[in-house]
Each structure stands twice: as C-alpha cells, then as structure tokens.
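Student: Below are the sequence and a predicted model for it; my questions follow.
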Amino acid sequence: MTQFETTAASVLARLRSLRDDDAPTHGGHVLSYVYDSGLAEIDELAAAAARLMQPVNGLDPTTFGSVAVLEGEVIDFARRLLGGDEGTVGSVTSGGTESCLLAVKTARDMWRANGGVGTPRIVAPTTVHAAFHKAAHYFGLHLDLVPVSARTGSVEVAQVVERLGPDAALVVISAPSYPFAALDPIGDVAAICAERGIGCHVDACIGGFALPFDDTLPAWDLRVPGVTSLSADLHKYGYAPKGASVLLHRSASTHHAQFFATSRWPGYPVVNATMLGSKSAAALAAAWAIIQVLGAAGFAELAARSRRATDALLETIDGIDGLTVVGAPVGPLFAVAADPSVPSGRRVDPHRFADAARRLGWLLQLQPGFAQDGGERLPATTHLTVTPVTESVLPELTAALVQAADSVRGLPAVDATDAMDALGGDVAAALDGPLPDQLAPLLALVEALPPEQVEGLLVRLIASVTTPR
C-alpha cells in the first residue's frame, strides 16, 4: 500500500486556510481581477466540467477528440456573437495575454511573408493593454504608441493614420480600453487599414462577451470591414475559470500563420495552435459548459445586470463632490479621477479614495497618472470592474464609496518625496518586506520614478512574494 507523507484532509485544510487570507473571489467586494456571475450553479457546472477534463492533454486534438469538439463549438459561439461568419476561424487560448501575443506573432509573420524587411511596428493607442508591450518585447517589434485624449481616453483617427507606413505590421484598437473603458474609433481605423493592406486587431478581451448586448454602440467587432482579428476573454464576462480566451481570425490564412509547426527533430511532429504545448483542457471544458447552459440569452441577462449596476455606480460617482468619471465609458467598467473643476479643498484624490474604500472592505484598482510621449498627461485614476453580482451589493457598495470619498476629501495626492521618506529612503529594501496596506504611496513612486527603475523594483517585489522562506 502506498505510504503518503500526510493526509489528503490535512492538505485540503491548509489550502482552505490559505484561501481564507485571499481577497474574496465571490460576493462583489473585489472590483477587479474576478468576474462573478452571482450564480452558484454556474460555478458548480464549471468545476464539474473541468474535473471531467482534468486528465486530458489539450496538446493533441486528434488523440483527444473531445478537445476538438469543445474548441470548435466554443469558436462557433464566439464568431456568431462577435459578428463573424462561416469563414471566421480561431483558437481557444489560455487568456487575453496569449490571445494578444498570438495576434501580434501572426501579424509579424504575415508582414514578413508579404515582403516586410527590418523591424515591424505595432501602432496602437497608449491605452492599449500591456499585453501588447509584452508581445512587442517577445517578438521583436516596435510598439508605436499614439496619445489619447486626457478628457475622453480615446484616440483620434488622424493621429493613428499619420503613424501608418510600410513597416506597420498591425494596428491595435480596443473595445473598450481597459484603463478608461473608451471605445476606440474602430470603424474608421479599420477602413483605413483595409485600404493600406495593414492588419487591424480589435482587443475586446474585456468587452467581447459584454458589449454584444448593447445595441446603442457603433459596430466594433468582425462586422466591421478591415478588422482582421479579434480577442475576447471567456474568463471575464464569459464567467469561465482562468484561463480561457478566444482569438478569432477573419480568414483561415491568417489563422494558419498563428500556428507553430515543426517536423525537424526525431520525435513526433509538433503542431501547436497556441503558445503552449501540453496544456490543460479544464478551462476550455468549463467555458464550453457555461456556453451550453447560458446561451446568448443567458449572457444577455447577465450583461443587463452588470449594466444596471454600472449605471447605478456612475450615478453615485456623479453625486460625489470632488470625483469625476473619465470620458464616456462603455461596458461594465470605468475609471474615476479627481474633479479638476472644483477647488482643491473639495477634490478627492482617487488613490486615497481607493485606500479608504479598501479599509471599508472593498478592493478597487489604482491606476497611476501617465505622461504620454507627445500628448497630454493622463490623470491618476481608480478603476472599477463591475460584474452581475455587483447589483446585489449596491446599497453597501455605494454607501462605502460615499464614506470613503468623504473621509479623504481635500487631502492632496501622496507626495513621492513623502512616500520615499516613509520608506526610510530605501525603496528596494522596503519592498522586500510585507506588501503595504496602503497603495497610494506606492503609486506615487510609480508615477515619480523612471519607468526602468519602477519596473525593476516591481519585479523585485513580486519575486520576493513567491520566494521560499
């Protein structure tokens, strides 16, 4: 009989204890990172489907035919929801970052195949997701960032057009952008890309399974001529567990460019549609099961709940003296900034506001102010991602937001020098310790220090968290 080092019960007990210290993934108190449908039966369905597929290797859909069926049906649902047709193809990936990486890799390879020489460029607004910074770094492209309006958070078409040239391999636009929930001018940009033979990717990772149910918006998906690819995350408003996303392509030829294949070794021929080789099929199965049960009508109802909660929160922020919503956000997310139209004694610093809300049990996401190259400075903000479950906690949440704002109104933003002094002048050493309870001072340093220094410090911080002790 096999001897085990400890019992399964004790292992699971410790895991439950560790989870007790995490931010809550259900109940609506974390307004970022997690996407809670508010339906316990959906979570249970996802867990059961993932369990059934736990031993399956998604590497080879010819050996595990279930993978091929599930992926094909997920892609079919996504393409019908997102304006595609029978010619639209794609893949399920491990998340939005992988979808974005593969979109860039595909565009680079297509650009090279069409005669491109030298270093290709990605042209995108400064609000484009950080995944495209990673893609440019990994795949050797130059990321050419176009400034956005500090008032609207959106990019001007003319400023995108003036960046286009023979070395532009891909234009990326967002539906909507993550920082400010701005819907970029997709129709106009895509039309120009089509005229010039440049790939146009719509990053709908956060909006892809929420925006289709808002009929007030202009066309933004594969209905738009000139859009060549689109990414949408199943583990956001598809309510699947991490990590599942779809990357759709207008045509099979661009989809084929996404693949890696080699027969140049003595082992089995390798054909990978995504970055990973061996991979779990659990999240795919969970996403597929949720789609089967909810269907478009179920997703529409959940999107309506998120929309009602978002509208209520926007109304709450509008009534808080000293705060303002940035731009005209679309979808179930938005960002708030200090209102520059009121005297400084009445303004609410968004980072102090977020820290105050955290003390009351609500986790909002702090975003630093950002100096755009050749453009306006973007304001420091606090970001809120709204999910269906938010509707059920609106009274408590709105009361907490008002109380948090009242408690910090008139206080200036944290000064970077003061933040440095509070850390004893040694930022690196301080970041090797426990994570700070208040994030406003950390964000002040992020804004003030050179990006290279900030990035090095943040790497050190996150690496220290997972270092064995």
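Tutor: Now that the structure is in, tell me what you want to look at.

Student: tell me the strands in the stretch 51-200 of the chain, going along the chain?
Tutor: 89-93, 121-125, 142-146, 168-174, 199-203 (DSSP state E, counting those that start in this stretch).

Student: Any chance of these in JSON lines with mean pLDDT as columns?
Tutor: Converted to JSON lines, the strands of the stretch 51-200 of the chain look like this (pLDDT from 0 to 100):
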{"stretch": "strand 89-93", "mean pLDDT": "97"}
{"stretch": "strand 121-125", "mean pLDDT": "98"}
{"stretch": "strand 142-146", "mean pLDDT": "98"}
{"stretch": "strand 168-174", "mean pLDDT": "98"}
{"stretch": "strand 199-203", "mean pLDDT": "98"}
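
Student: can you list those strands in CSV and add mean neighbour count and distance to residue 335?
Tutor: In short, each C-beta sits where N, CA and C put it, glycine included. Output for the strands of the stretch 51-200 of the chain, formatted as CSV (neighbours: other C-beta atoms under 10 Å; distance: least, C-beta to C-beta, whole Å):
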stretch, mean neighbour count, distance to residue 335
strand 89-93, 25, 27
strand 121-125, 26, 15
strand 142-146, 19, 18
strand 168-174, 27, 14
strand 199-203, 28, 17
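
Student: longest helix of this protein?
Tutor: The residue-count maximum for a helix in the chain (DSSP state H) belongs to helix 282-318.

Student: Could you check the angle that helix makes with strand 89-93?
Tutor: Using axes from the mean of the first three to the mean of the last three C-alpha atoms, to 10 degrees, the direction of helix 282-318 lies 90 degrees away from that of strand 89-93.

Student: Going C-terminal from the lowest-mean-pLDDT helix or strand in the chain, what's the next secondary structure element?
Tutor: Every helix and strand of the chain was ranked by mean pLDDT, DSSP states H and E. The lowest is helix 427-431, at a mean of 60. Downstream of helix 427-431, the first helix or strand assigned by DSSP states H and E is helix 440-448.

Student: Show me what that following helix is packed against.
Tutor: For helix 440-448, the packing partners by 3 or more C-beta pairs under 8 Å, 6 or more residues apart in numbering; DSSP states H and E come out as helix 350-359, helix 416-422, helix 451-465.

Student: so which of these gets nearest residue 142?
Tutor: Taking C-beta to C-beta, helix 451-465 is the member of the helices and strands packed on helix 440-448 nearest to residue 142, at 16.4 Å.

Student: Could I get the average pLDDT for the closest one?
Tutor: Across helix 451-465, the average pLDDT comes to 86.

Student: Mind listing what's buried along that helix?
Tutor: 454, 457, 461 (16 or more other C-beta atoms under 10 Å).

Student: Enumerate every residue touching the nearest residue to residue 279 once chain neighbours are set aside.
Tutor: Using C-beta to C-beta, 6 or more residues apart in numbering and skipping the chain neighbours, the partner closest in space to residue 279 is residue 58 (4.4 Å). Shown in contact with residue 58 (C-beta atoms under 8 Å, 6 or more residues apart in numbering): 64, 67, 276, 278, 279, 280, 281, 284.

Student: Save those residues as JSON lines, and put in distance to residue 134, neighbour count and pLDDT too.
Tutor: Below are the contacts of residue 58 laid out as JSON lines (distance: C-beta to C-beta, whole Å; neighbours: other C-beta atoms under 10 Å; pLDDT from 0 to 100):
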{"residue": "64", "distance to residue 134": "30", "neighbour count": "17", "pLDDT": "93"}
{"residue": "67", "distance to residue 134": "26", "neighbour count": "22", "pLDDT": "95"}
{"residue": "276", "distance to residue 134": "16", "neighbour count": "13", "pLDDT": "93"}
{"residue": "278", "distance to residue 134": "22", "neighbour count": "9", "pLDDT": "92"}
{"residue": "279", "distance to residue 134": "19", "neighbour count": "20", "pLDDT": "93"}
{"residue": "280", "distance to residue 134": "22", "neighbour count": "17", "pLDDT": "94"}
{"residue": "281", "distance to residue 134": "25", "neighbour count": "25", "pLDDT": "96"}
{"residue": "284", "distance to residue 134": "23", "neighbour count": "27", "pLDDT": "97"}
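
Student: Please identify which pair of these lies farthest apart.
Tutor: Most distant of these, by C-beta to C-beta, are 64 and 276, 14.6 Å apart.

Student: on that earlier part again, figure out which of the helices and strands packed on helix 440-448 is closest to residue 118.
Tutor: Using C-beta to C-beta, the helices and strands packed on helix 440-448 put helix 451-465 closest to residue 118, at 25.3 Å.

Student: List the buried residues of the longest helix of the chain.
Tutor: 282-291, 294, 298-299, 302-303, 305-310, 312-314, 316-317.

Student: now the residue lying closest to residue 143 once chain neighbours are set aside: how far from residue 168?
Tutor: Distance criterion C-beta to C-beta, 6+ apart; nearest residue to residue 143, sequence neighbours excluded, is residue 136 at 4.0 Å. Residue 136 sits 13 Å away from residue 168, going by C-beta to C-beta, to the nearest Å.

Student: Need the residues touching each of these two.
Tutor: In terms of C-beta under 8 Å, 6+ apart, residue 136 and residue 168 are both contacted by the residues residue 122.

Student: Give me the pLDDT for the residue nearest to residue 279.
Tutor: Reading off the model, residue 58 has pLDDT 92.

Student: Name the next helix or strand following the longest helix of the chain along the chain.
Tutor: Assigned by DSSP H and E, the successor of helix 282-318 is strand 323-325.

Student: Listing partners with orientation, what would you give for that following strand?
Tutor: strand 333-338 (antiparallel) (DSSP bridges).

Student: And for the partner strand, what's in contact with it?
Tutor: 153, 176, 178-181, 206, 310, 313-314, 317, 322-326, 329, 347-350, 353, 367, 379-386, 413.

Student: let's see it at 6 Å
Tutor: 180-181, 317, 323-326, 347-350, 379, 381-385 (C-beta atoms under 6 Å, 6 or more residues apart in numbering).

Student: Going by neighbour count, which of the residues you listed are buried?
Tutor: Buried among these by 16+ other C-beta under 10 Å: 180-181, 317, 323-326, 347-350, 379, 381-385.

Student: Touching the helix or strand where residue 231 lies from outside, list them.
Tutor: Here residue 231, judged by DSSP H and E, is contained in strand 229-233. By C-beta under 6 Å, 6+ apart, the surrounding residues in contact with strand 229-233 are 82, 96, 99-100, 103, 201-205, 208-209, 222, 245-249.

Student: at 8 Å instead, please
Tutor: Applying C-beta under 8 Å, 6+ apart, the contact partners of strand 229-233 are 78, 82, 95-96, 99-100, 103, 106-107, 199-209, 221-222, 238, 244-250, 254.

Student: can you check stretch 209-216 too?
Tutor: 81-82, 175-176, 204, 217, 220-221, 232-234, 236-238, 299-300, 303-304, 306-307, 330-332.
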